[in-house]
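here is the input, now give the coordinates:
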Amino acid sequence: MRREKPATAKAEETRERIVDAALELFRKEGFDETTMRDIAAEAGVATGAAYYYFGSKEELVMAFYVRTAEEARGLLPSIMERSTDLRKRLHAIIDLRLSQFAKHRRLFIALARIGIDPAHPLSPFGKDTRSLRDESIDAFRAALQGSNVRIPKDLHDELPTLLWLYMMGVILFWIFDDSPGEARTRTLLDGTLDLIVRLIQLSGLPLMGPVRRRLLRTIKAATI
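This is a model prediction of the structure:
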């Protein structure tokens, strides 16, 4: 469980320095190879002080999750204001996430095995990360609202979650993409986004009603 955020400016500065040190070591040495003692030394604090703020390396990763969510919270409103084009909005949201994670691929490779276990506190699908997941899903909800694509009413609730799952798939592909400049990820993102936006546009056609309703029934049945 994450510890309460320290109240003083000095304590907050120390806390952020420890997070920065951990991320630097995870990037250089790897998540599994780095110890809390290593992190404390890198941050210039005693090992006991590091444990005062963070009980484990997993708590440090959670602090990184929270930091990226806070950064996104500040940037997303301006992203939505730039354009009503749905494709551009969706692309910008995913681009933001990839740019935030760009320096931390080695950490995400180590965490990939955790992600498939929803019982793990760091899993993006688990209960411990639910508030962060919901906030990320809300970003897609905001992208749909006021966009240039009419969304059928019965898709309003489910579509943001489906788009979030799509983003998670792109991120997983990116984690293991060793092409120069992650070119394969860019090709995948550009091509699939075109298809997704086109399918959303087509979903509002009268003849797509039965298909849409069947899809929604399947999703609801699978999530009960």
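
what does stretch 139-158 contact?
Around stretch 139-158, the neighbours that count as contacts under Cβ atoms under 8 Å, 6 or more residues apart in numbering are 72, 76, 80, 84-86, 89-90, 93, 159-161, 163-164, 167, 197, 200-201, 203-204, 212-213, 216, 219. (Glycine included, C-beta is placed from N, CA and C.)

list the buried residues in the host helix or strand of Thr192.
In this structure, Thr192 sits in helix 183-203 according to DSSP states H and E. Within helix 183-203, the residues that count as buried by 16 or more other Cβ atoms under 10 Å are 185, 188-189, 193, 196-197, 200, 203.

extract the C-alpha set from the helix or strand of the chain with the lowest mean pLDDT and format it as PDB.
When each helix and strand of the chain is scored by mean pLDDT, DSSP states H and E, helix 209-222 comes last, with a mean of 78. Once side chains and other backbone atoms are set aside, the C-alpha atoms of helix 209-222 remain, and they are given as PDB (Å, rounded to 0.1, in the frame of the first residue of the first chain):
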ATOM      1  CA  GLY A 209     -27.500  -1.700 -35.100                       C
ATOM      2  CA  PRO A 210     -27.800  -5.500 -34.800                       C
ATOM      3  CA  VAL A 211     -24.000  -6.000 -35.000                       C
ATOM      4  CA  ARG A 212     -23.400  -3.300 -32.400                       C
ATOM      5  CA  ARG A 213     -26.000  -4.700 -30.000                       C
ATOM      6  CA  ARG A 214     -24.500  -8.200 -30.300                       C
ATOM      7  CA  LEU A 215     -21.100  -6.900 -29.600                       C
ATOM      8  CA  LEU A 216     -22.300  -5.000 -26.500                       C
ATOM      9  CA  ARG A 217     -24.100  -8.100 -25.200                       C
ATOM     10  CA  THR A 218     -20.900 -10.200 -25.600                       C
ATOM     11  CA  ILE A 219     -18.900  -7.600 -23.800                       C
ATOM     12  CA  LYS A 220     -21.300  -7.400 -20.900                       C
ATOM     13  CA  ALA A 221     -21.600 -11.100 -20.700                       C
ATOM     14  CA  ALA A 222     -17.800 -11.500 -20.600                       C
END
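
now do the buried residues in it.
Under the neighbour-count rule (16+ other Cβ under 10 Å), helix 209-222 has 212, 215-216 buried.
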